[in-house]
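Predicted coordinates and the sequence they were generated for:
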Amino acid sequence: MVDSKTGLPYDNSSRGEWTSVSNLGIYLTSVVAARHMGFVDAGEASKRLDGMLASVNKLKTWFGFQQSWNSVHTLQPAKHDPWVSVLDSGNLAAGLFTVAQASPAHRQRCLGLAQAMRWDRLYDSKAGLLLGGYDTSKGVVNEKWRLDLLGTDALLAQFLAIASDQI
């Protein structure tokens, strides 16, 4: 379920053009789990991680955040969804930290990508809340999209923003 050239996972079984950074984070964690459960050997896991991380390094970023949807083939950001999403970015960061802990050979690459994410750029200090995203086509943070419920899928992003000591 990954593109043979970029190593990025497809969003679904139809193997369409796009994948999200949530998919990337979940795939990273899946490779670690597959290695630990014996579904792939260390060499195969390392090959998969190397290919995918090389592609992630080529994705366009905004303050360390990759746009939420990107082409699995060309690595270009999607024009139909120009957002950098805090929620999706949290999933990618979690996958990067998982690999950093499980694979010493990939530790520095993963930590570099995760630590480049500037959570404070998406933080409303007056409200004490993370904002949901940044529109790359308009060059603006969506001030109305606030992540204020700790019981939602925003919890991971909120935890990582606090743990990074940026908010």
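In hand now; what should we look at?

I'd say T98 and V32 touch.
Yes: look at T98 against V32 with Cβ atoms under 8 Å: they come within range, at 5.4 Å. No exception for glycine: its C-beta is placed from N, CA and C like everyone else's.

which other helices and strands contact the helix or strand bottoming out on mean pLDDT in the chain?
The helix or strand of the chain with the poorest confidence is strand 146-147; it has a mean of 76 (mean pLDDT, DSSP states H and E). Using 3 or more Cβ pairs under 8 Å, 6 or more residues apart in numbering; DSSP states H and E, the elements in contact with strand 146-147 are strand 129-131.

Now do the next helix or strand after the strand it packs on: which elements does it pack against?
For strand 129-131, the succeeding helix or strand toward the C-terminus, using DSSP states H and E, is strand 133-135. In terms of contacts (3+ Cβ pairs under 8 Å, 6+ apart), strand 133-135 is packed against strand 83-85, strand 140-141.

Quick one: mean pLDDT over strand 133-135.
Averaging pLDDT along strand 133-135 yields 93.

rewinding a little: can you give the contact residues for the least confident helix or strand of the chain?
Applying Cβ atoms under 8 Å, 6 or more residues apart in numbering, the contact partners of strand 146-147 are V86, L87, D124, A127, L129, L130, L131, G132, A154, A157, Q158.

of the residues you listed, closest to T19?
Within the contacts of strand 146-147, the smallest distance to T19 is 15.3 Å, found for L87 (Cβ to Cβ).

Name the residues of whichever helix or strand that closest one is part of that are buried.
Per DSSP H and E: L87 is located in helix 86-102. The neighbour-count check on helix 86-102 (16 or more other Cβ atoms under 10 Å) flags 86-100, 102 as buried.
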